[in-house]
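*Asks:* predicted model follows, preceded by the sequence.
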Amino acid sequence: MSSIIKKSLGAWALIALLGSAATAFGHEGPAKATSPDTVLVKQAATQGALRDLWIGHIFWVRNVALETMAGNSAAAKAAEAEVVANAKQIAASIEPFYGKAGSDALMNLLVEHYGAVKAHIDATAAGDKDKQAAASKRLTNNAGAIADFLSGANPNLPRDTVNSLFIGHAAHHMAQDQELKDGKYVEEAKTWAAMRDHMYVIADALTAAIAKQFPAKFN
């Protein structure tokens, strides 16, 4: 696993920074309600929904990568349609908090994210190192743009930490692409597990930050 992925996993600390609401409902399941600070039912439901949405992102992108490497353009196109549908759902999930303008802004960022991911998939399939590097730069720039947007919308999301989270996410995509291209399926299985856990970090951090910013919506 690359050093950038290992470094990004330090973003787990973001959950601790967001207070007791983030720690009351962790990766092992919901904690028992013992105080007013315990995560409420609405927050737990939001967290579960966001986890599902972000897992959906990596699931369908992986299908695009698999079918592209196999030369199955019809299957890759079908999977890509699901990537787009999933991105629309992720963007819509923040509309109750940040309005249509916020949802549209996130959708534009997700479109660019997938465009860069798809460029890396295609470059990897073709064995084009220059285009892989260009796609990597696009992904890094997009991570910064997402961090700017989220930290600007929510003061509970530190910009540098969010940037690290999405750079780590991009690194997972790139590692997975190369492993699928090279037929390193044991290694790719480990990358998938890391990607899944990383999506939980992102979803949980977003949930905790939103709940802290809009407590009335979770009471």
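*Replies:* Yes, it's here. Numbers count the residues shown, from 1 in each chain.

*Asks:* in whichever strand or helix holds residue 162, what's buried?
*Replies:* When elements are assigned from DSSP states H and E, residue 162 belongs to helix 159-182. Along helix 159-182, these residues count as buried under the neighbour rule (16 or more other C-beta atoms under 10 Å): 161-181. In short, each C-beta sits where N, CA and C put it, glycine included.

*Asks:* what of stretch 130-139?
*Replies:* Counting neighbours by 16+ other C-beta under 10 Å, one finds that the buried residues in stretch 130-139 are 132, 135, 136, 138, 139.

*Asks:* what of stretch 147-157?
*Replies:* Buried positions in stretch 147-157, judged by neighbour count with 16+ other C-beta under 10 Å: 147, 149, 150, 151, 153, 154, 156, 157.

*Asks:* quick one, grab the pLDDT at the fifth one.
*Replies:* Residue 153 is assigned a predicted lDDT (pLDDT) of 98.

*Asks:* so it sits against residue 102, correct?
*Replies:* Yes: taking C-beta atoms under 8 Å as the definition, residue 153 is a contact partner of residue 102 at 6.2 Å.

*Asks:* got the residue ranges for the strands in this structure?
*Replies:* Listed in chain order, the strands found in the chain under DSSP state E are 25-26, 29-30.

*Asks:* lowest average pLDDT across the ones you listed?
*Replies:* For the strands of the chain, the stretch scoring lowest in mean pLDDT is strand 25-26; its value is a mean of 34.

*Asks:* so where do the helices sit in this structure?
*Replies:* The residue ranges that make up the helices of the chain, judged by DSSP state H, are 3-8, 13-17, 20-23, 41-70, 73-93, 95-126, 129-153, 159-182, 185-213.

*Asks:* pick the most buried one from those.
*Replies:* Using mean count of other C-beta atoms under 10 Å, the stretch among the helices of the chain with the greatest mean number of neighbours is helix 159-182 (a mean of 21).

*Asks:* and that helix, what does it pack onto?
*Replies:* If contacts are counted by 3 or more C-beta pairs under 8 Å, 6 or more residues apart in numbering; DSSP states H and E, helix 159-182 sits against helix 3-8, helix 13-17, helix 41-70, helix 95-126, helix 129-153, helix 185-213.

*Asks:* which residues touch residue 184?
*Replies:* Counting by C-beta atoms under 8 Å, 6 or more residues apart in numbering, residue 184 makes contact with residue 178.

*Asks:* and it, how far from residue 128?
*Replies:* As for residue 184, its distance to residue 128 is 19 Å (criterion: C-beta to C-beta, to the nearest Å).

*Asks:* residue 182 too?
*Replies:* Shown here: residue 182 relative to residue 128, a distance of 15 Å by C-beta to C-beta.

*Asks:* same question, residue 196
*Replies:* The spacing between residue 196 and residue 128, counted by C-beta to C-beta, is 28 Å.

*Asks:* kindly report the same for residue 85.
*Replies:* Applying C-beta to C-beta, the value for residue 85 to residue 128 is 29 Å.

*Asks:* so where's the protein uncertain?
*Replies:* For the chain, the stretches with pLDDT under 70 are 1-39.

*Asks:* what do you get if the cut-off is 90, keeping everything else the same?
*Replies:* Counting by pLDDT under 90, the low-confidence segments of the chain come to 1-42, 216-219.
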